[in-house]
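> sequence-free structure coming up:
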Ligand SMILES: [Fe+2]
Ligand SMILES: [Fe+2]
């Protein structure tokens, strides 16, 4: 089955769903405002304050262990100063996505799903920093949203998705293979259609579409490769959902690692084994972080 037919099937499935989750207009407006290099902090604060839920979530995120402020930050303006305006776009988007799927009951537990997503976000940022990818924050947000198509499947196509989960449970088969087999499309194409509907930036769409076939990345191969590796890493370290049985994972042997090496010559000197060991050592910390972010945001 080729990509075009998977895309067409995804569009069809999305068209059939009437209660499609929406991303609040405020997130797009904040992003648009931040495109202007001369934007004033006051303007951004005023816009966010028109949505109290968004404002209180930004304050929760800034106080979460992810940003570790020295003192509790209580006002939106101080949160914006502390975070810096370039991070606000990402945070506004994260809040909106979580909100869009809030209270959804699906095949898998939504909390497990976000734990995976935040885990991939955090590991993406660690890898991005290590390979000197210039926008570590973007890697973080792309990690969070990479599997957005799965939430749609889990919450809107329950029966079909239950069959997919049953098919791979306890095996080493993966979601995309089972999805292609049973649905004629995968969470990558579905996620891409959703992301386009929500006007996500092109490089975010690229990650969503190609995080399982990173060599097909069209806009930013490094970014897609980083999220692919973080996804694999989290999956083998039990920051996963769906009950798939994992066999093994070796960073240096992954195709994405070759992509990163091609784009980042300084990696030639990096001790991959040691880096994996470092990542492994950080797993408990990552798990704690994921828990606290989730509780901070969802609460
Ligand atoms: Fe995925
Ligand atoms: Fe994933």
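Good, I have the coordinates. Note that this is a predicted model, so its numbers are computed, not measured. Ligands and ions are numbered 1, 2, ... in the order given.

> Over to the residue minimising distance to the centre of the chain: give its phi and psi.
Nearest residue to the geometric centre of the chain (C-alpha atoms, centre = their mean): residue 144, 1.9 Å. Reported as degrees, to the nearest 10, the phi and psi values for residue 144 are phi -70, psi -40.

> what sits against it?
94, 97, 117, 118, 120, 121 (C-beta atoms under 8 Å, 6 or more residues apart in numbering). Every C-beta, even on glycine, is put in place using the N, C-alpha and C of the backbone.

> Return only those of these found close to ligand 2.
Among the contacts of residue 144, proximity to ligand 2 is found for none (C-beta under 5 Å from the ion).

> ok, and the residue of the stretch 151-299 of the chain found nearest ligand 2, which helix or strand is that part of?
With C-beta to the ion, the shortest gap between the stretch 151-299 of the chain and ligand 2 falls at residue 231, namely 4.2 Å. Residue 231 is part of helix 221-236 when elements are defined by DSSP states H and E.

> what does the stretch 101-250 of the chain put close to ligand 2?
When proximity is defined as C-beta under 5 Å from the ion, the stretch 101-250 of the chain approaches ligand 2 at 147, 231.

> that older thread, tally of neighbours for the nearest residue to the residue nearest to the centre of the chain once chain neighbours are set aside?
Among residues not flanking residue 144 along the chain, residue 121 sits closest, at 4.1 Å (C-beta to C-beta, 6 or more residues apart in numbering). Other residues near residue 121 come to 29 when the count uses other C-beta atoms under 10 Å.

> packing partners for the helix or strand hosting residue 43?
Using DSSP H and E, residue 43 sits within helix 41-49. If you count contacts as 3 or more C-beta pairs under 8 Å, 6 or more residues apart in numbering; DSSP states H and E, helix 41-49 packs onto helix 25-34, helix 52-62, helix 76-83, helix 85-100.

> list the buried ones in it?
Across helix 41-49, burial judged by 16 or more other C-beta atoms under 10 Å covers 44, 45, 47, 48.

> Can you give the contact residues for that helix?
26, 29-30, 33-34, 54-55, 58, 76-77, 80-81, 85, 88, 92.

> Out of these, which is nearest to ligand 2?
For those, the nearest to ligand 2 is residue 92 (22.5 Å; C-beta to the ion).

> Contacts only, for that closest one.
Contact partners of residue 92, counting by C-beta under 8 Å, 6+ apart, are 26, 27, 30, 31, 48, 54, 58.

> How about residue 86?
34, 137.

> before we move on, the earlier item: looking at the contacts of residue 144, spot the one nearest ligand 2.
The closest of the contacts of residue 144, once distances to ligand 2 are taken by C-beta to the ion, is residue 120, at 5.8 Å.

> so that closest one is in which element?
helix 110-130.
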